[in-house]
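Trainee: prediction below, plus the sequence it came from.
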Amino acid sequence: MTAFVLDASVTMAWCFQNEATEASDRLLGELVQDAAAVPSSWHLEVANVLTTSERRRRITAAGSAEFIEMLSGLVVDVDDETPARAWSQVLDLARAERLTAYDAAYLELAMRLGAPLATKDKELGEAAERLGVRVYWAL
């Protein structure tokens with residue numbers, strides 16, 4: 001069963017101590033027993049943050065590898081329908097809620113699955129609440 005839809009902002013809080021919160025740590029703990037769902041773009045978003053962070057010397061390649069290994073041990077269900085919905089439901093949601101397409105993909109997935117959305121992103125979380133999606137704030 002899917003415990004929640006996991007966005008990249010929460011994922012990266014697990015990588016960088018200065019972004020971690022009690023709430024983000026609690027969400028990580030929930031993934032020991034339950035699964036999170038992510039859109040198919042999640043891996044690319046995480047990889048992008050890691051490469052950018054390496055260039056800025058915020059993390060080493062070895063640190064990135066350790067983080068990826070930790071993520072690989074979690075139960076994360078990748079949604080295969082995201083690409084088919086990108087130019088329809090996701091784009092419409094991004095327009096209507098003034099979100100990036102990446103953020104709209106998380107919101108669309110949470111709406112479709114009827115699952116809470118775990119986020120640290122204020123705009124995304126507020127859009128989710130406006131649309132009746134339960135938000136697990138990791139602030």
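Mentor: Arrived safely, thanks for sending. Numbers count the residues shown, from 1 in each chain.
Trainee: my guess is Ala110 meets Pro116, correct?
Mentor: Yes: counting by CB atoms under 8 Å, Pro116 is a contact partner of Ala110 at 6.8 Å. For the C-beta atoms, the positions are set from N, CA and C on the backbone; glycine is no exception.
Trainee: which one of these two is surrounded by more residues?
Mentor: Ala110 (27 against 17; other CB atoms under 10 Å).
Trainee: now do Gln33, the pLDDT please.
Mentor: At Gln33, the predicted lDDT confidence score is 84.
Trainee: distance check, it against Val75.
Mentor: Gln33 sits 9 Å away from Val75, going by CB to CB, to the nearest Å.
Trainee: what about these two, which has more around it?
Mentor: Using other CB under 10 Å as the criterion, Gln33 and Val75 rank with Val75 on top: 12 against 9.
Trainee: list the contacts for the more buried one?
Mentor: Listed by CB atoms under 8 Å, 6 or more residues apart in numbering, the contact set of Val75 reads 31, 34-36.
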